[in-house]
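Student: could you work out the structure for the sequence below:
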Amino acid sequence: MGRLLRPLLRGTTYTRLLHLWVPGLPFSVWMFVDPRTPWLPALVLVPLGLVSPVRRGEGVQARLLLTPGEREPGISEEPAVTWRDRLRTALWLAVRLALAVVAAFATVWLPLLAVSLVQVATGTVPAGVPLLEDAHHHWAYALLVPLPLVLLYAVVVGLGELVTAAARRLLGPSPAERLAALEARTEQLLERTRIARELHDSIGHALTVAVVQAGAARAAGDPGFTDRALEAIEETGRAALEDLERVLGVLREPEKPVDGRPTLVDADRLLESARASGAEVDAEVTGPLETAPGPVSREGYRILQESLTNTLRHAGAVPVRVRIGVAGGTLLLEIRNPLAEDVPGSGRGSGLRGIRERAALLGGRAWTGPDGGDWRVRVELPLG
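Tutor: Below you'll find the predicted structure:
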């Protein structure tokens, strides 16, 4: 019993009823203009669906009143672009008008019938009710009072479900809108993947430097070295916090420009961080790095950061050769260090996979793996 009465406690039931009543407004107004032709607004209402912006208005109204609170109701709020969408909107207006007529009749005459049954049962014969014009006073009519009320309940709830299903069918997204929504969803997922990589590269690098520095300071037992190690940890941690704030800023403000993220022009701070961790970094930079496009330069910075992090994590404080060059429409990155015993392998590890994926997304190529006794990361990114 409680389940049957549950729709009466939902606000959606009444907003849907309001949605069904709205088409009756033009007819009510027209009754004051020309009561002899109350059907005339219907001739204008349905062709109105061929007007492009009408579909947007109907979609907004349907989402607000038929599916309040639903995140993905399957109802479009875009104007009609194709004739198919216009015809679907016109059909929707016709269906909505037909259901509105049924709803208006039911919500007026069924309660009136229930009241009239009470009047007959109490000895008053109502006027203007065709079914009860010849009725005679009898208490048994009171037993029939719940019937029109139950029928009213069924009509209100049933029409609400029916008009919502029709709205999803006739005002639902077109194939072009579904494709646009899918592309937007894909962009959102790619953005989340990029953010995960940003966090992995930045925080992973900072933690690796901190671990290496702390271990070296403990093994050295030299107060001067310990002070330098703590200073390096502090600088690396501060840079990681700045990167973290930038990445989280993208989450808080998706429209915020990405210009604040580090690029290869800021590569010196990565190289100094690696040197502070004990690595002997031999860096060579050729060509105008500042001319590299923003996306290429930012991804190049992250690739260099991940490569240096892997070197410190797997090989420790070893000599590292870094080559960064811009020439012939290509950005070249090459990082070499002596091969460690725990070689991660060219196909394993999320960091190495991330390097290859970053390069592929920019139309470039990446090679990671042993090369002549060294571990080599070589990346070529097109500047065009």
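
Student: and L332, which of the three is it?
Tutor: Secondary structure for L332, judged by DSSP: H, G, I helix; E, B strand; the rest coil, is strand.

Student: close enough to count as contact, it and G325?
Tutor: Yes - between L332 and G325 there is a contact at 4.5 Å, judged by C-beta atoms under 8 Å. Every residue, glycine included, has its C-beta placed from N, CA and C.

Student: more neighbours: these two, which one.
Tutor: L332 (18 against 15; other C-beta atoms under 10 Å).

Student: mind checking pLDDT for that one?
Tutor: Taken from the predicted model, the pLDDT recorded for L332 is 93.

Student: in terms of helices and strands, where is the closest residue in space to G49 that isn't next to it in sequence?
Tutor: The shortest distance from G49 to any residue other than its chain neighbours is 3.2 Å, reached at A90 (C-beta to C-beta, 6 or more residues apart in numbering). Take DSSP states H and E as the rule and A90 turns out to sit in helix 83-121.

Student: cool, and D282?
Tutor: For D282, the host element (DSSP H and E) is strand 280-286.

Student: and the next element down the chain from the helix or strand of the chain with the lowest mean pLDDT?
Tutor: For the chain, the helix or strand with the lowest mean confidence is helix 175-220, at a mean of 69 (criterion: mean pLDDT, DSSP states H and E). The element immediately downstream of helix 175-220 (helix or strand, assigned by DSSP H and E) is helix 223-252.

Student: so, low pLDDT: which residues of the stretch 251-384 of the chain?
Tutor: Counting by pLDDT under 70, the stretch 251-384 of the chain contains low-confidence residues at 251-260, 340-350.

Student: all strands of it, in order?
Tutor: Ranges of strands in the stretch 251-384 of the chain, per DSSP state E, counting those that start in this stretch, are 280-286, 319-327, 330-338, 365-371, 374-382.

Student: turn these into TSV, including distance to A167.
Tutor: Putting those into TSV (distance: least, C-beta to C-beta, whole Å) gives the following:
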stretch	distance to A167
strand 280-286	61
strand 319-327	56
strand 330-338	52
strand 365-371	50
strand 374-382	48
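
Student: for S273, find the nearest of the ones you listed.
Tutor: The stretch from those with the least distance to S273 (C-beta to C-beta) is strand 280-286; that distance is 9.5 Å.

Student: how about that closest one as CSV, C-alpha atoms only?
Tutor: In CSV, the C-alpha atoms belonging to strand 280-286 read as follows (Å, rounded to 0.1, in the frame of the first residue of the first chain):
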residue,chain,number,x,y,z
GLU,A,280,76.5,14.3,-12.2
VAL,A,281,74.4,15.9,-14.8
ASP,A,282,76.0,16.9,-18.1
ALA,A,283,73.4,19.0,-19.9
GLU,A,284,73.6,20.4,-23.5
VAL,A,285,70.9,22.6,-24.8
THR,A,286,70.9,23.7,-28.4
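
Student: so what strands line up beside that strand?
Tutor: strand 319-327 (parallel) (DSSP bridges).

Student: list the contacts of the partner strand.
Tutor: Taking C-beta atoms under 8 Å, 6 or more residues apart in numbering as the criterion, the residues outside strand 319-327 that touch it are 264, 267, 271, 274, 279-289, 291-292, 300, 304, 308, 311, 331-338, 383.
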